[in-house]
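[1] heads up, no residue letters with this:
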């Protein structure tokens, strides 16, 4: 049975919640796009500050001193779900808008989301992640993010008709429902939004996708950071599959299948080169190389067509396999042994003081 989410009185106000860790280059613009949102009623922005080492905490302090709508809470554990729960518990208003320091809200985002929440009587509404980049590498990652070839065609990456959804990017949420289902699960370091939305849907509430909502997202700035991000994300998805099985979409199983195909192709290639397999057997076993050859051709073809410059095309040919193989390898690790204490280190440096 579907349950209508509560609708607060007009003008009740909105709390924006933003986990922050090592975001000096992005934080000020992200905060600016939040404070420029047109909201009917009072608004506040709570920054949950992890132990940054790049001057982010000092910047957040200056921003808070300049605008009383900005409030700060400390998040020494640095984990995103912990940060979100700290901010939600400190919130003063009945509607929670999750925002990211690596993203920028489009003008009118919040007003549109609030209207959609009320119209759909949903508990959570999300829109489209529009990835963008400032360098050829980052733009190549953005192209991959915005295409089914990169992240498998999830609605909030490539768009879909408005309607009920499995999950929501970031999310504009009714606080009363969040408290009813128990807020974010702090034992899940990646994929916490998917798991929360699963509990919201199991409680009978609607999770809603509105393609008119758009958020600009800035991907990781280097190959190493991208790879670390995707290994951690894949590992936690493997953990979620351990916990929830086939409630996970089938698209999540494509990257680990690719990893398995690559491993099989490499093993057969070694056996062929060393002469341990030859003749008819070698010819028959060569069929395992075909999926990898087709994959390579597909990556190169997509890179040529989708890239807008030579450097973007070159980076795309690197970025796509990095995303797929890193995520797939992480998934297999998480599936076999669980995520345990895996963290996303892609925004950390060697000076970041974690517990």
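    That came through fine. What you are looking at is a predicted structure, and each value in this text was computed from that prediction instead of being measured.
[2] Scan this structure for its longest strand.
    Secondary structure assigned by DSSP state E gives strand 207-217 as the longest strand of the chain.
[3] Would you mark the buried spots in it?
    207-210, 213-217 (16 or more other C-beta atoms under 10 Å). C-beta coordinates here come from the backbone N, C-alpha and C atoms, glycine included.
[4] quick one: residue 13 from residue 92, how far?
    Summarising the geometry, the distance separating residue 13 from residue 92, computed by C-beta to C-beta, to the nearest Å, is 7 Å.
[5] of these two, who's got more company?
    The residue with more neighbours, out of residue 13 and residue 92 and counting by other C-beta atoms under 10 Å, is residue 13; that gives 17 against 14.
[6] the helices in the chain, which residues?
    Remark: helices of the chain, listed N- to C-terminal, are 27-35, 56-66, 80-90, 109-120, 136-145, 148-151, 155-158, 175-181, 192-202, 223-244, 254-273, 279-285, 289-306, 310-337; assignment by DSSP state H.
[7] okay, those in a markdown table with distance to residue 42 and mean pLDDT next?
    A markdown table is the format used below for the helices of the chain (distance: least, C-beta to C-beta, whole Å; pLDDT from 0 to 100):
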| stretch | distance to residue 42 | mean pLDDT |
| --- | --- | --- |
| helix 27-35 | 13 | 96 |
| helix 56-66 | 17 | 96 |
| helix 80-90 | 15 | 96 |
| helix 109-120 | 13 | 96 |
| helix 136-145 | 34 | 95 |
| helix 148-151 | 36 | 85 |
| helix 155-158 | 28 | 64 |
| helix 175-181 | 14 | 97 |
| helix 192-202 | 25 | 95 |
| helix 223-244 | 35 | 95 |
| helix 254-273 | 44 | 96 |
| helix 279-285 | 68 | 93 |
| helix 289-306 | 44 | 97 |
| helix 310-337 | 41 | 97 |
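[8] Quickly compare these and say which is most buried.
    Comparing these on average neighbours per residue, with mean count of other C-beta atoms under 10 Å, the densest one is helix 136-145 at a mean of 24.
[9] what about the helices of the chain, which gets the closest to residue 4?
    With C-beta to C-beta as the measure, helix 109-120 is the member of those nearest residue 4 (9.2 Å).
[10] and for residue 13 and residue 92, which residues touch both?
    The overlap between the contact sets of residue 13 and residue 92 (C-beta atoms under 8 Å, 6 or more residues apart in numbering) consists of 42, 44.
[11] Tell me which strands the longest strand of the chain pairs with, and in which orientation.
    Listed by DSSP bridges, the sheet partners of strand 207-217 and their directions read strand 103-105 (antiparallel), strand 124-131 (parallel), strand 163-164 (antiparallel).
[12] Any chance of those in a markdown table with mean pLDDT and mean neighbour count as columns?
    Shown next, in a markdown table, are those (pLDDT from 0 to 100; neighbours: other C-beta atoms under 10 Å):
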| stretch | mean pLDDT | mean neighbour count |
| --- | --- | --- |
| strand 103-105 | 93 | 24 |
| strand 124-131 | 94 | 25 |
| strand 163-164 | 94 | 12 |
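[13] Relative to residue 37, which of those strands is closest?
    Go through the strands paired with strand 207-217 one by one with C-beta to C-beta and the one that ends up closest to residue 37 is strand 103-105, at 6.2 Å.
[14] what residues are up against residue 327?
    For residue 327, the contacting residues are 230-231, 233-234, 237, 255, by C-beta under 8 Å, 6+ apart.
[15] Tell me the bridge partners for the nearest residue to residue 117 once chain neighbours are set aside.
    Of all residues not flanking residue 117 in the chain, residue 125 sits nearest, at 5.1 Å (C-beta to C-beta, 6 or more residues apart in numbering). Beta-bridge partners recorded for residue 125 (DSSP bridges): residue 172, residue 208.
[16] how far out from the middle of the chain is stretch 32-46?
    Stretch 32-46 has its C-alpha centroid displaced from the chain centroid by 23 Å (C-alpha atoms, centre = their mean, to the nearest Å).
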